[in-house]
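S.K.: Got a predicted structure plus its sequence, pasted below:
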Amino acid sequence: MTTSHRIVAAAYLALIVLQPVWHGLLPAPRGAQSWVLAVVATAPLLLPLRGVLTGSLRSMTWAGYLVMLYLIIGLMEAWANPPQRLPALLQVALVVAFVAAMLSFSRSTRRNPGAPPG
């Protein structure tokens, strides 16, 4: 497992953990304390999880498309909802870390097409 793949996996797992903490556990005004919202926010991230953890470039690409929605939500919440600014900016930082590490991982994978993953 390369360093960029470790960062991709860590940022993605942290984004998954952040959703129920932010939407389900944090008291108002920092969170919504809605488990329905927490499940709805977490469930889509679980779909490409296996591929992200194993280093599948295809799964990481789809996860990259998916996390763009979380980037938009994080930016919108940080801008429009000051009490939720901290978790929203944390979400934005995790998405940026994921995308940057994914780009690094995909470049290293393309340079060595015959090399085994990791």
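M.R.: Arrived safely, thanks for sending.

S.K.: Name the nearest residue to Leu53, sequence neighbours excluded.
M.R.: Ala9 (5.6 Å; Cβ to Cβ, 6 or more residues apart in numbering). Glycine gets a C-beta too; all of them are placed from N, C-alpha and C.

S.K.: With Trp35 instead?
M.R.: Closest to Trp35 by Cβ to Cβ, 6+ apart is Gly24, at 4.9 Å.

S.K.: what about that neighbour, distance to Thr3?
M.R.: 32 Å (Cβ to Cβ, to the nearest Å).

S.K.: Same check on Leu71?
M.R.: According to Cβ to Cβ, Leu71 and Thr3 sit 23 Å apart.

S.K.: Have a look at those two and say which one is more surrounded.
M.R.: More neighbours surround Leu71 than the other of Leu71 and Thr3, with 16 against 11 (other Cβ atoms under 10 Å).

S.K.: contacting residues around that one?
M.R.: Neighbour list for Leu71: 91-92, 95-96 [criterion: Cβ atoms under 8 Å, 6 or more residues apart in numbering].
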